[in-house]
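> the following block contains a protein sequence and its predicted model.
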Amino acid sequence: MNTQQGTRLRFTKMHGLGNDFVVFDGINQTVALTPEQCRRIADRHFGVGCDQILLVEATTRDDADFRYRIFNADGGEVEQCGNGARCFVRFVHDHGLTDKTAIRVETAASVIEPRLLDNGLVRVNMGVPRFAPAEIPFAAEAETLTYPLKVGQHVLEIAVLSMGNPHAVLRVNDLDSAPVDILGPAIESHSRFPQRVNAGFMQVLTPHDIRLRVYERGAGETLACGTGACAAAVAGIRQGWLASPVSVHARGGNLVIEWAGKDQPVYMTGPAETVFEGEIEL
Ligand SMILES: N[C@H](CCC[C@H](N)C(=O)O)C(=O)O
């Protein structure tokens, strides 16, 4: 069953550092979007325009308060969205769906824990990063710290990990001249990533500061990527270039990522903004 033609849906336009979202309350209205309807909503000329669509639903888990579904602009449903998680808790709190400031949210990948802070920012326990190739998924003979990836005539040395969604992280010397528009889509659709991948380009400034650009799976380059920031910080810490906490400077603004290593969770802190409320007829 999908949302029938002619149905009007209420939505809220939000963003986390310019990574923007159309958020639907799927508890007080019936929202069942087809990939084509997602593409239409996300279209910046024929729809509302966004990088991802976020759907708030009731959960059946007794260890979570809500269910959180994420759809990329290309219509594909995915496992995780970090900037969206910060907007999620702001949305459910501001729309009276909870009076809690710290909630547990079921996603396709895990249960994450966003918390509204007194200073207006949001801190999220994004869970434990995964490195086994089969858990990414990524085609590799064995798990190593980095992997050579042949892209055209280049052989790139990438880190590969999952924050619930797949990430490839490449260190570059100068982010402004990095060929993100060429290497981004080539990595995103590389055959060794059977479910495609988010491609992060990281410039290390100091052990506690990086600049980051992410060519996102199913959305293209965004102004910020929360799970991408987590993945880049984890990759840099593992390779000895970085130390927690790491300030991640994206084009849309800054996130702070904390990770104590090994099988510890990654914490992400940053803003979540509401832009406007609206209605759309599908
Ligand atoms: N493009 C991602 C989903 C959105 C992630 C990003 N917007 C974030 O803030 O983590 C994927 O296909 O896995």
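Everything's here; your move. Residues are numbered from 1 along each chain as shown.
> now do the residue most central in space within the chain against the ligand, distance only.
Note on the chain: the residue nearest the mean C-alpha position is Cys81, at 3.0 Å, using C-alpha atoms, centre = their mean. Distance, Cys81 to the ligand, by C-beta to the nearest ligand atom, to the nearest Å: 4 Å. Heads up, the C-betas are built off the backbone N, CA and C, glycines and all.
> same thing with Thr146?
20 Å.
> cool, and Asp176?
According to C-beta to the nearest ligand atom, Asp176 and the ligand sit 22 Å apart.
> can I take it that that residue is in a strand?
No. Counting by DSSP: H, G, I helix; E, B strand; the rest coil, Asp176 is located in no strand; its state is helix.
> number of nearby residues for it?
Asp176 has 9 neighbours, counted by other C-beta atoms under 10 Å.
> the closest residue to Asn173 other than its chain neighbours pairs with what?
Nearest non-adjacent residue to Asn173, counting by C-beta to C-beta, 6 or more residues apart in numbering: Gln203, 6.8 Å away. Following DSSP bridges, Gln203 is listed with bridge partners Arg211.
> need the pLDDT of Gln203.
As predicted, Gln203 sits at a pLDDT of 98.
> wait, it touches Ile210, no?
Yes. Under the criterion of C-beta atoms under 8 Å, Gln203 makes contact with Ile210 at 6.3 Å.
> neighbour count winner among these two?
Legend: neighbour count by other C-beta under 10 Å for Gln203 and Ile210, higher for Ile210 (26 against 18).
> residues contacting the more buried one?
Ile210 makes contacts with Met202, Gln203, Val204, Ala232, Ala233, Gly236, Leu242, Val246, Ser247, Val248, His249, as judged by C-beta atoms under 8 Å, 6 or more residues apart in numbering.
> which of the residues you listed fall in helices?
Of these, the ones assigned to helices by DSSP state H are Ala232, Ala233, Gly236.
> now do the strands in the stretch 51-200 of the chain.
For the stretch 51-200 of the chain, the strands defined by DSSP state E, counting those that start in this stretch cover 52-57, 66-72, 77-78, 105-106, 111-116, 122-125, 147-151, 154-162, 166-171, 198-206.
> which of those is buried the deepest?
Highest mean neighbour count of these: strand 166-171, a mean of 26 (counted as mean count of other C-beta atoms under 10 Å).
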